[in-house]
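Q: model the following, please.
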Amino acid sequence: MKKFFVNFICLFVLILLSCTGAFAFFSDMDSTHWAYSQIRDLSEQSIIIGYPDGTFKPDENVTRAEFASMAIKALGQEHANVFQPIKFTDIDENYWAYDAIEKAVYFELISNDSDSEKFRPEDSVSRSEAISIAVNSLTTEQISKTKAKEVLSKKYKDVDSIPAEFLITAGKAEILDMISSKPDRSDYMDSDRPATRAEVAAILNNMMIQAKLNPNAKLAEAMRKKTGEGFVIENASVHGSLGTIPKNSVFPIKVNRGFSSQYSVRGEEFSATTDENYVTKDKYILIYKGTQFKGSLQSVEKGKWFIRNGVLKLATNTIITPNDQNVIVRAEGNVTVKKGRFMTWVRKVFKGEKINFKQGETIYMKLLRDIKIDLTNGWIYN
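A: Numbering: from 1, shown residues only. Okay, here's the model as predicted:
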C-alpha cells in the first residue's frame, strides 16, 4: 500500500509538472498571450532567454546589440566563420556582442559603410530597425514607394508618418506578412517605437520562416544543406531544409564502456558516440559524427544453462550534438552475439548463452519516435 501511495504521488507530480511546462514556461507567460507560441519556440532553441527570476517580461524593450545577437542565432549563424572587421566607433572586439554584430554586418542585415558610424548597442531597437533587419535577411522582389504605400495604407493608420527610408522595406514586410504588433497597436506601424520583447520574438519567428525559403545571397550560401559521407539511413526524408529520421529507423552507436549479461544491472547508465555521420541517400547530413548518446540498460538477464540465454537491452534518452544541444531521443536495441546457423540452432536447444559487450563495439538502435533536423546547421527539433 505504501509503495502504491508513493507511486501515485510521483505520477501526480509528473502530470502537474508537464502541465505547468505546457502553459507557463516563464512565470509571467501563459497560453493566452498573443505571442505565446513564438516565445515558446524561440526559447526552446535558446534564441531568446528569460530573466534569472524566471520571468520573460514580454513588454520590456530589447537593445540593438541584443537584437543583433538574437537575429544571428535565429538564422543559425552563431558558429559561422566571419573575417570582416567592423568599423563602428562605439564598440570594439571586447564588447560582448561584437561577434554577433560583425556577423550581422557580413550577412548584410545591417550596414557599416562609414568610418565614423556608431552602432548605439545599448539603445533600444526600434520596430523599424527590427523589421529592416528581418527583411534584409531575404531576397525580395523590388517594389516602388507608391506600391509600398498602397499596401500599407490598407492596414496602418499612421502610414503617412512612416519614414521615407523605411517605406519600401515596410511594404515588403507587409506583403510577406512579417510585421507583428501587440494587439492594442495592431493597426499602427509605430516605426520609431521601441520594439517589445514579445514583438521581437514574433518578428524573429517570421524572419526564420521566410529565410528558409528566400535567404539573401550570403545567407543562402551559409544555409546550404550540409553534405557528407557516412551511414545511410535509407528511409530518411527531406523537405526543403528539414530532414526527418522516422520512427523505427535503425542506426549504429559505439558504446564507451563494456557490459555483460552476467554482471551488469538494470538501470546502469551508458554513453555512446557516433563515429561517422548519419546521412540521407542524397548525402545530406542528419546527425554529425561525434554526437553523444546517453541512456541506461533497460533489461538485463543472466544466461543460465538450460533455462535462458543472456539478455542485454539498451535504451537511449538523450543525445548531445557537437554544437552542445541536448535533445531527448528515445531508441532501444538488443545486444546479440554473432553466430552462424548451427550455433543459432544450438542456442535454441541448449540455452545458457552469455553476452559480453566490449568497449568500442557497435550496437544497432531502433528509433522510437521521429527526429526532425535542420539540415543547414544540424539543429534537432523535439
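
Q: where do the strands sit along the stretch 101-250 of the chain?
A: Secondary structure of the stretch 101-250 of the chain by DSSP state E, counting those that start in this stretch: the strands cover 230-232, 237-239, 242-245, 250-255.

Q: how about JSON lines for the ones you listed, with distance to A198 and mean neighbour count added?
A: C-beta coordinates here come from the backbone N, C-alpha and C atoms, glycine included. Formatted as JSON lines, the strands of the stretch 101-250 of the chain follow (distance: least, CB to CB, whole Å; neighbours: other CB atoms under 10 Å):
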{"stretch": "strand 230-232", "distance to A198": "41", "mean neighbour count": "17"}
{"stretch": "strand 237-239", "distance to A198": "30", "mean neighbour count": "13"}
{"stretch": "strand 242-245", "distance to A198": "26", "mean neighbour count": "21"}
{"stretch": "strand 250-255", "distance to A198": "40", "mean neighbour count": "18"}
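
Q: so which of the ones you listed is nearest A130?
A: strand 242-245 (25.7 Å; CB to CB).

Q: the closest one pairs with which strands?
A: Neighbouring strands of strand 242-245 in its sheet, by DSSP bridges, are strand 237-239 (antiparallel), strand 371-374 (antiparallel).

Q: where does pLDDT dip in the stretch 101-250 of the chain?
A: Residue ranges of the stretch 101-250 of the chain with pLDDT under 70: 115.

Q: which residues of it fall in helices?
A: 127-136, 145-153, 164-175, 197-213, 217-222 (DSSP state H, counting those that start in this stretch).

Q: picking up where we left off before, among the strands paired with strand 242-245, which comes closest to I285?
A: Per CB to CB, nearest to I285 of those: strand 371-374, 8.5 Å.

Q: the closest one: what's the following helix or strand?
A: strand 380-381 (DSSP states H and E).

Q: which outside residues touch that following strand?
A: Contact with strand 380-381 is made by I319, T321, Q325, V327, V329, I371, K372, I373, D374, as judged by CB atoms under 8 Å, 6 or more residues apart in numbering.

Q: quick one: buried ones out of the residues you listed?
A: Neighbour-count burial (16 or more other CB atoms under 10 Å) applied to the contacts of strand 380-381 gives I319, T321, V329, I371, K372, I373, D374.

Q: flag every buried residue along the helix or strand hosting Y364.
A: Element membership for Y364, per DSSP H and E: strand 362-367. Neighbour counts over strand 362-367 (16+ other CB under 10 Å) mark I363, M365, L367 as buried.

Q: next: stretch 75-85.
A: Result for stretch 75-85 [16+ other CB under 10 Å]: buried residues L75, G76, Q77, E78, A80, V82.

Q: what residues does it touch?
A: Residues outside stretch 75-85 that contact it (CB under 8 Å, 6+ apart) are 72, 100, 102-103, 105-107, 137, 207-208, 211, 215, 219, 222-223, 323, 374, 376-377, 379.

Q: before we move on, back to that, any chance of the strands of the stretch 101-250 of the chain in a markdown table, with distance to R308 too?
A: As requested, these are exported to a markdown table (distance: least, CB to CB, whole Å):
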| stretch | distance to R308 |
| --- | --- |
| strand 230-232 | 32 |
| strand 237-239 | 40 |
| strand 242-245 | 33 |
| strand 250-255 | 23 |
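
Q: about what we covered before: any chance of the buried residues of stretch 75-85 in CSV, with pLDDT, distance to T89 and secondary structure too?
A: Converted to CSV, the buried residues of stretch 75-85 look like this (pLDDT from 0 to 100; distance: CB to CB, whole Å; DSSP: H, G, I helix; E, B strand; the rest coil):
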residue, pLDDT, distance to T89, secondary structure
L75, 92, 26, coil
G76, 87, 30, coil
Q77, 90, 25, coil
E78, 87, 25, coil
A80, 81, 24, coil
V82, 80, 20, coil
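
Q: which of these lies closest to R341?
A: G76 (50.2 Å).

Q: do you know how far the closest one is from D374?
A: Look at G76 and D374: by CB to CB, to the nearest Å, they are 7 Å apart.

Q: could you do I91 as well?
A: From I91 to D374 the distance is 30 Å (CB to CB).

Q: quick check: M189 touching L152?
A: Yes: in terms of CB atoms under 8 Å, M189 counts as a neighbour of L152; the distance is 7.0 Å.

Q: find residues that contact each of those two.
A: Shared contacts of M189 and L152, counting by CB under 8 Å, 6+ apart, come down to V159, I162, A170.

Q: for the residues you listed, pick the one with the most neighbours.
A: For these, the largest number of neighbours (other CB atoms under 10 Å) sits with A170, at 26 neighbours.

Q: quick revisit: for Y288, which of the strands of the stretch 101-250 of the chain is the nearest?
A: Using CB to CB as the measure, strand 230-232 is the one of these that comes nearest Y288, at 8.8 Å.

Q: tell me which strands that closest one pairs with, and in which orientation.
A: Here strand 230-232 has these sheet partners by DSSP bridges: strand 277-279 (parallel).

Q: let me see the domain layout of the chain.
A: In terms of domains, the chain is parsed into 1-26, 33-222, 230-381 (source: automatic domain parsing).

Q: now the helices of the stretch 101-250 of the chain in JSON lines, with distance to V255?
A: Shown next, in JSON lines, are these (distance: least, CB to CB, whole Å):
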{"stretch": "helix 127-136", "distance to V255": "45"}
{"stretch": "helix 145-153", "distance to V255": "59"}
{"stretch": "helix 164-175", "distance to V255": "51"}
{"stretch": "helix 197-213", "distance to V255": "36"}
{"stretch": "helix 217-222", "distance to V255": "35"}
